[in-house]
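**Student:** Give the three-dimensional model of this entry:
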Amino acid sequence: MSRVCRSAIGARRPAPGEALRGPIPQEPTVADGFTDALDYPMYVVTAATADGERGGCLVGFASPCSIDPPRFMAWLSTANRTYRVACRASHLAVHVLRSDQKETAALFGGRTGDDTDKFARVEWRPGEGGAPVLADSRAWLVGRILERVEGGDHVGFLLAPVEQSAPGPDGAPLLRLGDVTDLTPGHPA
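**Tutor:** This is a model prediction of the structure:
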C-alpha cells in the first residue's frame with residue numbers, strides 16, 4: 001500500500017447525516033482568477049476493493065497526462081469515502097458524463113456512500129480489477145493504479161488505461177462544472 005494512503009485506512013468516517021450541507025466556504029487564493037475562468041468536464045470515479053467494498057464520487061480534477069505511454073490522472077479528495085476505497089483498490093474507473101446526466105452527478109456528488117448504496121441506483125458492471133463501470137456514461141476508462149501523488153487536500157491516482165468504452169458518436173455535450181455548482185456535496189472537498 002502506498003504511504004500516501006496509509007493514513008486513510010482506519011480514518012474516522014462521518015456519521016450518517018453529518019456530511020457537510022450547503023456551499024463550502026473557502027478563502028480566496030492566488031489561483032482563483034485562473035480557475036474561475038475554467039468550466040472543466042466533470043467525471044464520476046469509481047473503485048472497488050478485493051473484498052467488494054465499492055465507492056464512487058463526482059470529480060472535477062482529472063485529465064490525460066501522457067500520450068506515450070497513455071496515462072490518466074484522477075484526483076480524489078482525502079475527505080471522501082471513495083478516496084479510502086481507492087486506497088485499497090488496484091483499479092479505478094473514470095466516467096465522462098453527458099450534460100443530461102445531472103441526476104447521476106447529484107447521486108455521486110451529493111450523496112455519501114457512508115449512508116447510501118449509490119450502485120443500487122444505477123446500472124453498472126464490474127470492470128478490470130473489479131472497478132464498477134457505469135452503463136450510462138458518454139465514455140469511460142478503467143485504469144490500473146500505478147502511483148498515488150499527494151497534492152494537498154486531494155491525492156492524484158496515476159492510471160494506466162487497461163479497458164475503455166467503444167468510441168461513441170460525437171456531439172453529446174459534456175457535463176461541466178457550471179452545470180453542477182448548485183449541488184450540495186455529500187462530503188466537503
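**Student:** Can you report how many residues neighbour residue 81?
**Tutor:** Residue 81: 24 surrounding residues under other C-beta atoms under 10 Å. Yep, even glycine has a C-beta here, placed from its N, CA and C like the rest.
**Student:** what does the model give it for pLDDT?
**Tutor:** Here the pLDDT value assigned to residue 81 is 94.
**Student:** Could you verify my assumption that it touches residue 113?
**Tutor:** Yes - applying C-beta atoms under 8 Å as the test, residue 81 and residue 113 come out as touching, 4.7 Å apart.
**Student:** which neighbours do these two share?
**Tutor:** residue 55 (C-beta atoms under 8 Å, 6 or more residues apart in numbering).
**Student:** Please identify which helix or strand holds the spatially most central residue of the chain.
**Tutor:** Nearest residue to the geometric centre of the chain (C-alpha atoms, centre = their mean): residue 45, 3.1 Å. Here residue 45, judged by DSSP states H and E, is contained in strand 43-48.
**Student:** can you pull out the helices in the protein?
**Tutor:** 3-6, 32-36, 81-86, 102-110, 177-180 (DSSP state H).
**Student:** just those: most buried one?
**Tutor:** Mean neighbour count (mean count of other C-beta atoms under 10 Å) peaks for helix 81-86 among these, with a mean of 25.
**Student:** what residues does it touch?
**Tutor:** 5, 8-9, 11, 13, 45-49, 53-57, 76-77, 92, 112-114, 145, 155, 157, 187.
**Student:** Please pick out the residue of the chain most distant from its centre.
**Tutor:** Max radial position in the chain (C-alpha atoms, centre = their mean) goes to residue 30, at 25.3 Å.
**Student:** pLDDT wise, what is that one at?
**Tutor:** Per-residue confidence (pLDDT) for residue 30: 70.
**Student:** quick one, what contacts it?
**Tutor:** Contacts of residue 30 (C-beta under 8 Å, 6+ apart): none.
**Student:** Residue 145 now?
**Tutor:** 86, 89-92, 157-159.
**Student:** Filter these down to the ones in strands?
**Tutor:** In this view, the contacts of residue 145 that belong to strands under DSSP state E are 91-92, 157-159.
**Student:** Select, from those residues, the two members most distant in space.
**Tutor:** In terms of C-beta to C-beta, those reach their longest pairwise distance at 91 and 158, which sit 12.3 Å apart.
**Student:** Show me which of these two is the more surrounded one.
**Tutor:** More crowded of residue 91 and residue 158, by other C-beta under 10 Å: residue 91, with 23 against 17.
**Student:** Excluding residues flanking it in the chain, which one is nearest the more buried one?
**Tutor:** residue 129 (2.9 Å; C-beta to C-beta, 6 or more residues apart in numbering).
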